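Visitor: I would like to see how this sequence folds:
(one chain, ligands or ions: 1)
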Amino acid sequence: MSFTFTRTTKTRTLLTKLNPNYRTLAENNSLTRKFSIFIQNRSTPKTTTYSQQQSPPQTIILNQQKSRTMSSSSSEIKPQFSEGSEPAVLGPALDKLLATSGAGGRWTLTQEGVAIERTFKFKTFAKTWDFMTAVSLQCKLKNHHPEWSNVFNTTFIRWTTHVPKGLSSKDIELATICDSLAKDFGETEPEAGASCAMPNLTDRAVASSGDCCTPKHLKK
Ligand SMILES: C[C@H](O)[C@H](O)[C@H]1CNC2=NC(N)=NC(=O)C2=N1
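Guide: Model (predicted):
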């Protein structure tokens, strides 16, 4: 079975503008997607049945997320800037991004003030993936990576600097870029409670990822 992927010229032009290497990246993406759909069609889908007493895992994740949100309100948390950054400059820029400041921002300060996070939602998986590709190109340019996850039409993004730990200018810059790219790629309004499991997915990836951020000369 063969699959053809169509992409609007607008998206392609936008991505090529963001990075001239997009064409190559897009071709690789398209190949990767073709390959994964091919694999999916060959393997038998696994189904899990739950007994009446047993709740599906999603309920557990939703509850975990609920307690996580209840235990830490963003307005009580103070931003922790990474060593070498300038709080006087970063503070006002951060305020513009935060939902708590009332300036229209949609990011939340989390994890004892060392991170900001937010969920983005799009109409389709393809649009979400294109947005993530655009963000990843900016990450490459700035040598900085997000902690993020994606399920279907939703992506959860957390910005934090691992070394030196805290919020840095790169986190603020990239969060601002994400907001603007999300508009370009047609972000839709998130439905209430639709993305509860996303931070959990990201936390799991973070817990099993290796140390990528300690510069070689500081490694023991
Ligand atoms: C050595 C290199 O500068 C580091 O690995 C960079 C790369 N990207 C990074 N990304 C993030 N989020 N935090 C870092 O500390 C970081 N460090």
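Visitor: Helices along the protein, start to end?
Guide: Here the chain has its helices, by DSSP state H, at 9-18, 22-42, 57-71, 87-97, 125-142, 169-184, 198-208.
Visitor: lowest-confidence stretch among these?
Guide: Lowest mean pLDDT within these: helix 57-71, at a mean of 37.
Visitor: Around the ligand, pick out the residues from the protein.
Guide: Within reach of the ligand by C-beta under 6 Å from any ligand atom, the chain has these residues: 143-145, 161-163, 212-213, 215. C-beta coordinates here come from the backbone N, C-alpha and C atoms, glycine included.
Visitor: Out of those, flag the one nearest to W129.
Guide: Nearest to W129 among the residues of the chain next to the ligand, counting by C-beta to C-beta, is H145 at 16.9 Å.
Visitor: how deep is G186 tucked in, by neighbour count?
Guide: Using other C-beta atoms under 10 Å, G186 has 14 other residues around it.
Visitor: in terms of contact, does it touch F122 like I think?
Guide: Yes. Counting by C-beta atoms under 8 Å, F122 is a contact partner of G186 at 6.2 Å.
Visitor: Save the residues of the chain next to the ligand as CSV, and put in neighbour count too.
Guide: Shown next, in CSV, are the residues of the chain next to the ligand (neighbours: other C-beta atoms under 10 Å):
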residue, neighbour count
N143, 7
H144, 18
H145, 17
T161, 21
H162, 18
V163, 14
C212, 8
C213, 13
P215, 7
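Visitor: and those, which two are the farthest apart?
Guide: Within the residues of the chain next to the ligand, H145 and P215 form the most distant pair, 14.5 Å apart (C-beta to C-beta).
Visitor: Which residues are in contact with I172?
Guide: Going by C-beta atoms under 8 Å, 6 or more residues apart in numbering, I172 touches 90, 93-94, 97, 159.
Visitor: who wins for most neighbours among these?
Guide: W159 (26 neighbours).
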